[in-house]
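Participant: Here is a sequence together with a model predicted from it:
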Amino acid sequence: MQPFKSAVETIFERAREGLTMDELKELSNLTELASDEARRLSEVCSNLGCLVSMDGQSDGTKAGTFQHHDDVSTLLFALAHSFETVSTMASIGDSATYHLHERMAKHGEVKP
């Protein structure tokens, strides 16, 4: 269940007919921003993996990173929400692009 995505998509569907062309263009940028955010999240996950791996291999003093189940579950829930947000950004961006192109075609304008 993705309550955030569902809520944002519902709001977009109800508002889209009243959005201006400029507003649709702005929302269509969410697709690119989602790609940037996915890249950042990938880097964060990779760095966290290295941190946990190094901590697990260390015979000396451990940093204590994610050694308790509460820490791991909190991290995973935060990552799940972040990925849901990225998915929502991409979905709204794609939908805004589609409706923008649809309106432009209706008015005989060339796609950007």
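Facilitator: Nice, thanks for sending it over.

Participant: Okay, buried residues for the helix or strand harbouring Leu27 please.
Facilitator: Secondary structure assignment for Leu27, by DSSP states H and E: helix 21-28. Within helix 21-28, the residues that count as buried by 16 or more other Cβ atoms under 10 Å are 24, 27-28. The C-beta positions use only the backbone N, C-alpha and C, and glycine is treated the same way.

Participant: avg pLDDT for it?
Facilitator: Confidence over helix 21-28, taken as the mean pLDDT, stands at 96.

Participant: if we can go back for a sec, export the buried residues of helix 21-28 as TSV, with columns for distance to Val8.
Facilitator: Output for the buried residues of helix 21-28, formatted as TSV (distance: Cβ to Cβ, whole Å):
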residue	distance to Val8
Leu24	15
Leu27	11
Ser28	15
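
Participant: circling back: from the chain's centroid, how far away is the helix holding Leu27?
Facilitator: Distance of helix 21-28 from its chain centroid, counting by Cα atoms, centre = their mean, to the nearest Å, is 18 Å.

Participant: Which elements pack onto it?
Facilitator: In terms of contacts (3 or more Cβ pairs under 8 Å, 6 or more residues apart in numbering; DSSP states H and E), helix 21-28 is packed against helix 69-106.

Participant: quick one: the helix it packs on to helix 21-28, angle?
Facilitator: 140 degrees (axes from the mean of the first three to the mean of the last three Cα atoms, to 10 degrees).

Participant: what about helix 69-106, distance to the chain center?
Facilitator: With Cα atoms, centre = their mean as the basis, helix 69-106 stands 4 Å off its chain's centre.

Participant: Would you mark the buried spots in it?
Facilitator: 75, 82, 84-86, 88-93, 95-97, 99-100, 103.

Participant: list the buried ones in stretch 28-44?
Facilitator: By neighbour count with 16+ other Cβ under 10 Å, stretch 28-44 contains the buried residues 28, 30-31, 34, 37-38.

Participant: For the residue nearest to Leu30 when sequence neighbours are not counted, give its distance to Glu37.
Facilitator: The spatially closest residue to Leu30, leaving aside those adjacent along the chain, is Gly93, at 3.4 Å (Cβ to Cβ, 6 or more residues apart in numbering). With distances taken as Cβ to Cβ, to the nearest Å, Gly93 is found 11 Å from Glu37.
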